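Chemist: Return a 3D structure for these sequence lines:
(one chain, ligands or ions: 1)
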Amino acid sequence: MRMKKVKNVLTLYTRNPNLKSPLEVLLHPFSSLLSRHKRQLNFGSLVRTMFGVDSTQNLNQPQQFRTSRHLNDQSPNKRPNNVFNNGACTHKFDWKTYQRMDRIYSYLDCLAFHYVDRMQIITIGKSYENRPLKVVRIGNGANAQARNAIWIDGGIHAREWISPASVLFIIKRLVEDYDQFRDVLNNYEFYILPVVNPDGYEFTHTHNRMWRKTRSNPRGLRRNNRCVGADPNRNWSYEWGGKGASPNPCDETYRGERAFSESETMAVRNFIMSRAHRFKLFLTMHSYGQFILYPWGHERMAPNNWRQLELLGATAGEAMREVNDHRYTIGSAAQVLYPAAGGSDDWARGQAKIPYTYTIELPDTGRYGFLLPAPRIKSTVQEAFVGVLAMVRALNQFP
Ligand SMILES: [Zn+2]
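Modeler: Residues are numbered from 1 along each chain as shown. Predicted coordinates:
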């Protein structure tokens, strides 16, 4: 990193490949702070404030407020949640309960702030109700052009609460225990979106625990709440509108007005397509049922690399079974369950041409269903992490 001070503008240059232009930070009101910190050659915390919070939205704008608060505040106790302490992220996030979006966002910000060398947040778009869609990038920047990226998402279906919890746990482990996973991180870069459908997820916390869809409402159908939103996992363009996807807005599996009518699916599509050639593995986490499903979902047939898909899926299934003795069924989605067109896994395989794409249906098998009790979160997210890690470690052996 190089720095240059011109009058009251501090310009930071970075080697971070995600940052396309130099960064200008206006520090005029705090020039005495600037000079003190300059003497100490201690820009680390300032840089973390800049880079850790959001690497697309905020970087081109001056950040006087955040920066000044950080530089000004000499008392750690005054800092919100101790989020800006040196060292590890001390956010009080846990897996004892299912967390709300505000906590999830602040936790991600905290991690990105403290682990700027390995994690960045990329806001890829907004939900219908204007919540940011924050993709976490984890990696060390090696082999950035090779086909070495992995996509993981959760929370596309609002009521499947164990899914975002699992994806957040995967982020935590990869970031905090980075050294244990150097083998993986030397070979792969992760792009992880913990909550694809944040509006629906919040709605399940505030209004209707069993809500599944997005909250879009292009035609103002508030008279009947049931008819709001689309099923974001029937909204993808590959074989959109086929079997198992309803044209009726009042149905749970409503496909949407057209493919990618939902801002959430559109944002993910645009992001993945901008680097589709780099993705080798695409994982989308759902619940419930304990299935590891590969394409196709729209029709009862298997893609040409189904043997490899089966083998890699089995690797995850075996690893997961060792954690809590839960058995997973592995197979092609339409064959194991039922045909459902317009799913993200079919799109990832058929359109984005990602060779290994899976839908993982987390526990349980139906006793609690979507309402998996909070005391079971910890063991379940551990199981999910072990399965994903086994899959990623085995991925090298697959073409
Ligand atoms: Zn689902």
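
Chemist: Run through the stretch 201-350 of the chain and note the low-pLDDT ranges.
Modeler: 221-224 (pLDDT under 70).

Chemist: and stretch 151-169, is it in reach of the ion?
Modeler: Yes - applying CB under 5 Å from the ion, one finds stretch 151-169 touching the ion at His157. Backbone N, C-alpha and C define where each C-beta goes, glycine included.

Chemist: same thing with stretch 369-379?
Modeler: No - residues of stretch 369-379 contacting the ion under CB under 5 Å from the ion: none, with a closest distance of 8.8 Å.

Chemist: how about the helices in the chain?
Modeler: 31-39, 44-53, 64-72, 101-114, 162-176, 182-187, 198-206, 263-273, 306-324, 333-336, 344-350, 377-394 (DSSP state H).

Chemist: burial of the closest residue to Val392 other than its chain neighbours, as a residue count?
Modeler: Once flanking residues are discounted, Val392 sits nearest to Val184: 5.5 Å by CB to CB, 6 or more residues apart in numbering. Per other CB atoms under 10 Å, the neighbour tally for Val184 reads 20.

Chemist: can you check Pro247 too?
Modeler: Pro247, neighbours per other CB under 10 Å, totals 11.

Chemist: got a list of what Ser237 touches?
Modeler: 259-260, 269, 342, 347, 351 (CB atoms under 8 Å, 6 or more residues apart in numbering).

Chemist: Going by distance to the ion, which of those residues wins?
Modeler: Ranked by distance to the ion (CB to the ion), the contacts of Ser237 are led by Gly342 at 12.9 Å.

Chemist: Now do the same contact list for that closest one.
Modeler: Taking CB under 8 Å, 6+ apart, one finds 231, 233-242, 245, 255, 259, 298 in contact with Gly342.

Chemist: State the distance from it to Asp231.
Modeler: 8 Å (CB to CB, to the nearest Å).

Chemist: would TSV of the helices of the chain with distance to Arg226 be doable?
Modeler: Formatted as TSV, the helices of the chain follow (distance: least, CB to CB, whole Å):
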stretch	distance to Arg226
helix 31-39	55
helix 44-53	38
helix 64-72	42
helix 101-114	23
helix 162-176	23
helix 182-187	43
helix 198-206	12
helix 263-273	20
helix 306-324	35
helix 333-336	26
helix 344-350	23
helix 377-394	29
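
Chemist: Nearest residue to the residue most central in space within the chain in space, please, no chain neighbours.
Modeler: Residue closest to the mean C-alpha point of the chain, counted by CA atoms, centre = their mean, is Leu193 at 1.2 Å. In this structure, Leu193 finds its nearest non-sequential neighbour in Asp153, 4.4 Å apart by CB to CB, 6+ apart.

Chemist: how about that neighbour, what does it touch?
Modeler: Counting by CB under 8 Å, 6+ apart, Asp153 makes contact with 167, 192-194, 196, 268, 283-285, 344.

Chemist: Please enumerate the shared neighbours of Gly342 and Asp231.
Modeler: 245, 255.

Chemist: Find the residue closest to the residue of the stretch 101-250 of the chain found nearest the ion in space, skipping its chain neighbours.
Modeler: Using CB to the ion, the point where the stretch 101-250 of the chain gets nearest to the ion is His157, with a distance of 3.4 Å. Leaving aside its sequence neighbours, His157 sits nearest to Arg212 (CB to CB, 6+ apart; 5.1 Å).

Chemist: same thing with Ile150?
Modeler: Leu281 is the one closest to Ile150 (CB to CB, 6+ apart), at 4.6 Å.

Chemist: Quick check: that neighbour vs the ion, distance?
Modeler: 19 Å (CB to the ion, to the nearest Å).

Chemist: who touches that residue in this structure?
Modeler: Leu281 touches 150-151, 354, 356-358, 391-392, 395, counting by CB under 8 Å, 6+ apart.

Chemist: of those residues, closest to the ion?
Modeler: Once CB to the ion is applied, the member of the contacts of Leu281 that ends up nearest the ion is Tyr358, at 13.0 Å.

Chemist: how much space between that closest one and Gly313?
Modeler: For Tyr358, the distance to Gly313 - CB to CB - is 6 Å.

Chemist: what residues are shared contacts of these two?
Modeler: 292, 294, 391.

Chemist: Please produce CSV containing those, extended by neighbour count.
Modeler: CSV is the format used below for these (neighbours: other CB atoms under 10 Å):
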residue, neighbour count
Ile292, 26
Tyr294, 27
Met391, 25
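
Chemist: which of those are close to the ion?
Modeler: Counting by CB under 5 Å from the ion, nothing from the shared contacts of Tyr358 and Gly313 sits close to the ion.

Chemist: do stretch 242-258 and the ion meet?
Modeler: No - Stretch 242-258 stays clear of the ion (CB under 5 Å from the ion), getting no nearer than 10.5 Å.

Chemist: Okay, buried residues for that stretch please.
Modeler: 242, 244-245, 249, 251, 253-256 (16 or more other CB atoms under 10 Å).

Chemist: can you list the domains in this protein?
Modeler: If you go by automatic domain parsing, the domain ranges for the chain are 2-50, 85-397.

Chemist: Buried deepest among the ones you listed, which one?
Modeler: Highest mean neighbour count of the domains of the chain: domain 85-397, a mean of 20 (counted as mean count of other CB atoms under 10 Å).

Chemist: Now do that one: distance to the chain's middle.
Modeler: 7 Å (CA atoms, centre = their mean, to the nearest Å).

Chemist: surely Ala384 meets Ile171?
Modeler: No - the pair Ala384 / Ile171 is not scored as a contact, 11.7 Å apart, by CB atoms under 8 Å.

Chemist: Who does the residue of the stretch 201-350 of the chain found nearest the ion form a beta bridge with?
Modeler: Proximity of the stretch 201-350 of the chain to the ion (CB to the ion) peaks at His286, 3.4 Å away. The partner list for His286 in beta bridges (DSSP bridges) reads Glu361.
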